[in-house]
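Undergrad: Sequence isn't available, so here's the structure alone:
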């Protein structure tokens, strides 16, 4: 075998390996479409736990969630999930009106955006404030 034929063979093998890796990595989101009512129930459970004085870790392993106000110790007085969720494949994006109370007892209202997914894990992630 000459150096040239060996180089050609190695190049072909490398291309084959790269194509295999790329095709595996480009499969798109795993799981089927999201069930809107199930996802909204997950968000309600997450927010109700906060409102009831629990910690986000209390929901694990069923729901993994993050909210910076909850982590900062603010209390959730009330919430209203707006009926305008956005479907993003395996994730639904919700706008939620929150009424919060800080450690001094001062109440404030804000709108939070939550991304909720059920595959591969059930997660609730606060994304942004309006």
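TA: Yep, that arrived. Only a predicted model underlies this, so the values are computations on that prediction, with no experimental measurement involved.

Undergrad: quick one: stretch 54-66 to chain centroid distance?
TA: 13 Å (C-alpha atoms, centre = their mean, to the nearest Å).

Undergrad: Repeat that for stretch 34-46.
TA: For stretch 34-46, the distance to the chain centre is 12 Å (C-alpha atoms, centre = their mean).

Undergrad: switch to numbering from 3
TA: With the count now opening at 3, the last piece we talked about shows up as stretch 36-48.

Undergrad: Buried residues, it. List them.
TA: Residues of stretch 36-48 classed as buried by neighbour count (16 or more other C-beta atoms under 10 Å): 36, 41, 42, 44, 45, 48. Where you see a C-beta, it was placed from the backbone N, CA and C, and this is true even at glycine.

Undergrad: Which of these fall within helices?
TA: Secondary structure from DSSP state H places 41, 42, 44, 45, 48 of the buried residues of stretch 36-48 in helices.

Undergrad: Hmm, the fourth one is touching residue 93, no?
TA: Meaning residue 45. No: judged on C-beta atoms under 8 Å, residue 45 makes no contact with residue 93 at a distance of 11.7 Å.

Undergrad: what is in contact with those two at once?
TA: Each of residue 118 lies in contact with both residue 45 and residue 93 under the rule C-beta atoms under 8 Å, 6 or more residues apart in numbering.
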